[in-house]
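1. can't give you the sequence, but here's the structure:
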């Protein structure tokens, strides 16, 4: 056993936001922590979701013992169906996390084959040489765990996402006691969340949102529309409690909001006061000052419930003059345009829109700020440290934050890894290992087999920037000669009215290419298409300095 090494293999989520997935390998045994996804940026045209490239796990499928989920956010569970489509391994998580995974698997018709195993904080799980204890942590979603993974070389602690909330709304505290016990006994490696490392101090408790929410209930003269992440069960509970206290009826809008609140209610994680809930179709019949609508779509997603309400395109809910709309969520970088466009639509309808930074806050983060990250580092005092979950600047700042530990003794070295880098630890120490294949898999319309290749995205970008030109040539199949001048159709390149002369020149270029080709070449359409493409490309680039996509069409007449 002594000569075996422990490998830490980040497959996603290091040096980027989202797609969190980490493999740990000891000898011939691999466990995977989380399989997340990310939403695409504007450069990935037409792509719906992005998952990590799991080819390393596929190549080592016989060694993978299981997938362990820390919590139910999409950036940690969104890639589960895509991973299970490649290798059907057991999936371990808390009951609420697995219920959210079940919903994803149902959409892909994979639930019957999946092996889902429920765990709870305090449980121990043995997978090959790994013994895993689940430790309760506080975050913006319920039922989150940190992993203490005992290996033959020592203990590895993976924090998942966390903040140290001293007053959580469900009164279940972060289990700092167990974490400190591991710290006392000695920890080989700490992998810790870096998301909010650049925020000083402490992240406010979930309860800090209460006074602002209550203020909305007290002051709003008419309908109250609150949007938050559907997974924020603590936030939903506070809204429901205030609704009961201030005599307002509640209605949920949006597929994810209805589905998640049902799951949480069935599991006893969300208490709905009697007589408070309304059906969507009855909402507009209730007196405006007696209603609160809880709507999904905080990020301005085009078809979300809130986006449709904003443009008056929702069949059950309308925002009118004097209504109050509150966005109880952070603006995720990259979504600013869509969110502000939605806020503008609400403001045009005369609504009072509450969003952004204020005191008391309308939203608090679920991630620990620098002092909480420092607290975890001080409790664990690991021998080696790898910051995870964040862009490179945040990983680097987190490494800086840990530097004080090396002066106190204990911390030997911090490693700044990105997805695809590996860390190897054995009895002699820790060092960087060989790279593994990683990357992103782009998926259209959310189905497992709709993978978009890089070349397709490149073509989409090319089309969006330079348009396309379609030369259409009719060739007589008996003589091999062209029947009249070729037609040229273009879209997104140049306007046909302004460029008649240039397009006439383009037609003549195609004609010349045909005339200068041998009868044998004219008989081979593939050769002719390439020749026309090359000559026309040269001509158009010279005329316009642009490079449209050229797709010759040859018709046989």
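-> Ah, there it is. As the structure is a computational prediction, the values presented were derived from the model and not from experiment.
2. In this protein, what helix or strand scores lowest on average pLDDT?
-> strand 451-452 (a mean of 62; mean pLDDT, DSSP states H and E).
3. Any idea how many residues pack against residue 142?
-> Residue 142: 24 surrounding residues under other CB atoms under 10 Å. All C-beta spots, glycine's among them, are computed from the backbone N, C-alpha and C.
4. Now do the SS call for it.
-> Using DSSP: H, G, I helix; E, B strand; the rest coil as the criterion, the local structure at residue 142 reads coil.
5. who touches residue 326 in this structure?
-> Listed by CB atoms under 8 Å, 6 or more residues apart in numbering, the contact set of residue 326 reads 213, 216, 224, 225, 226, 227, 353, 354, 355, 362.
6. looking at this, it is in a strand?
-> Yes. Counting by three-state DSSP, residue 326 is part of a strand.
7. separation between it and residue 246?
-> Noted for residue 326: a distance of 15 Å to residue 246, by CB to CB, to the nearest Å.
8. Equivalent analysis for residue 406, please.
-> 53 Å.
9. if you count what's nearby, which of the two comes out ahead?
-> Of the pair residue 406 and residue 246, residue 246 is the one with more neighbours under other CB under 10 Å, namely 16 against 13.
10. give the contact list for the spatially closest residue to that one that is not a sequence neighbour.
-> Among residues not flanking residue 246 along the chain, residue 217 sits closest, at 4.5 Å (CB to CB, 6 or more residues apart in numbering). If you count contacts by CB under 8 Å, 6+ apart, residue 217 has them with 224, 242, 243, 245, 246, 248, 292.
11. Would you reformat the contacts of residue 326 as TSV and include pLDDT, secondary structure and distance to residue 552?
-> Output for these, formatted as TSV (pLDDT from 0 to 100; DSSP: H, G, I helix; E, B strand; the rest coil; distance: CB to CB, whole Å):
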residue	pLDDT	secondary structure	distance to residue 552
213	97	helix	62
216	97	helix	62
224	97	strand	60
225	97	strand	54
226	97	strand	56
227	97	strand	50
353	96	strand	52
354	96	strand	57
355	94	coil	52
362	96	coil	57
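12. So which of the residues you listed is the closest to residue 436?
-> Lowest distance from residue 436 to the contacts of residue 326 (CB to CB) belongs to residue 227, with 39.8 Å.
13. and the closest one, how many neighbours?
-> When neighbours are counted by other CB under 10 Å, residue 227 registers 27.
14. Same check on residue 302?
-> Count around residue 302 with other CB under 10 Å applied: 9.
15. doesn't residue 338 make contact with it?
-> Yes. Between residue 302 and residue 338 a contact is recorded at 7.5 Å, counting by CB atoms under 8 Å.
16. Hmm, residue 5 is touching residue 426, no?
-> Yes. With contacts counted by CB under 8 Å, residue 5 reaches residue 426, the gap being 4.1 Å.
17. what sits in contact with each of the two?
-> What both residue 5 and residue 426 touch, as defined by CB under 8 Å, 6+ apart, is the set residue 153.
18. buried stuff in stretch 288-301?
-> 291, 292, 293, 294, 295, 296, 297, 298, 299, 300, 301 (16 or more other CB atoms under 10 Å).
19. mind listing what the last one touches?
-> Looking back up the chat, that one is residue 301. Residues in contact with residue 301 (CB under 8 Å, 6+ apart) are 307, 338.
20. name the helices or strands packed onto the one helix or strand residue 263 maps to?
-> Here residue 263 sits within helix 255-266, counting by DSSP states H and E. Here helix 255-266 touches helix 95-107, helix 233-245, strand 291-295, going by 3 or more CB pairs under 8 Å, 6 or more residues apart in numbering; DSSP states H and E.
21. how near is the nearest residue to residue 105 once chain neighbours are set aside to residue 141?
-> Nearest non-adjacent residue to residue 105, counting by CB to CB, 6+ apart: residue 111, 4.4 Å away. Distance, residue 111 to residue 141, using CB to CB: 21 Å.
22. same thing with residue 128?
-> On the measure of CB to CB, residue 128 and residue 141 end up 29 Å apart.
23. Looking at those two, which one has more neighbours?
-> residue 141 (23 against 15).
24. The closest residue to that one other than its chain neighbours: what secondary structure?
-> Leaving aside its chain neighbours, residue 141 sits nearest to residue 231 (4.5 Å; criterion: CB to CB, 6+ apart). Look at residue 231: counting by three-state DSSP, its state is coil.
25. which residues touch residue 231?
-> 72, 73, 100, 140, 141, 260.
26. Pipe those into a markdown table and attach distance to residue 82 and pLDDT per row.
-> Shown next, in a markdown table, are these (distance: CB to CB, whole Å; pLDDT from 0 to 100):
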| residue | distance to residue 82 | pLDDT |
| --- | --- | --- |
| 72 | 17 | 96 |
| 73 | 16 | 95 |
| 100 | 15 | 97 |
| 140 | 24 | 95 |
| 141 | 21 | 96 |
| 260 | 21 | 96 |
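27. Just the closest of the residues you listed to residue 314, please.
-> Closest to residue 314, out of all of the contacts of residue 231 and judged by CB to CB, is residue 260, at 19.1 Å.
28. how close does residue 488 sit to residue 536?
-> Taken as CB to CB, the span from residue 488 to residue 536 is 9 Å.
29. what's the answer for residue 414, then?
-> According to CB to CB, residue 414 stands 56 Å off from residue 536.
30. shaky segments in the chain?
-> Within the chain, the set of residues satisfying pLDDT under 70 comprises 1-3, 40-47, 408-409, 444-462, 480, 495-499.
31. buried stuff in the longest helix seen in it?
-> For the chain, the helix with the greatest residue count under DSSP state H is helix 525-544. Within helix 525-544, the residues scored as buried using 16+ other CB under 10 Å are 528, 529, 531, 532, 533, 535, 536, 537, 539, 540.
32. How far off centre is it?
-> Relative to its parent chain, helix 525-544 has a centroid offset of 41 Å by CA atoms, centre = their mean, to the nearest Å.
33. Could you do stretch 505-525 as well?
-> In terms of CA atoms, centre = their mean, the centre of stretch 505-525 is found 50 Å from the chain centre.
34. So what touches it?
-> Contacts of stretch 505-525 (CB under 8 Å, 6+ apart): 469, 471, 473, 475, 480, 482, 485-488, 527-528, 531-532, 535-536, 539-540, 543, 552, 554.
35. which other helices and strands contact the helix or strand hosting residue 309?
-> Using DSSP H and E, residue 309 maps to helix 305-310. Applying 3+ CB pairs under 8 Å, 6+ apart, we find helix 305-310 packed against strand 224-227, strand 249-253, strand 291-295, helix 336-348.
36. Return the distance of it from the chain's centre.
-> 21 Å.
37. any idea how far residue 410 is from residue 184?
-> Residue 184 is 12 Å from residue 410, by CB to CB.
38. When the two are compared, which one has more neighbours?
-> More crowded of residue 184 and residue 410, by other CB under 10 Å: residue 410, with 16 against 10.
39. hmm, who's touching stretch 193-204?
-> 159-165, 361, 364-373, 387-390, 393-395, 397-398, 401.
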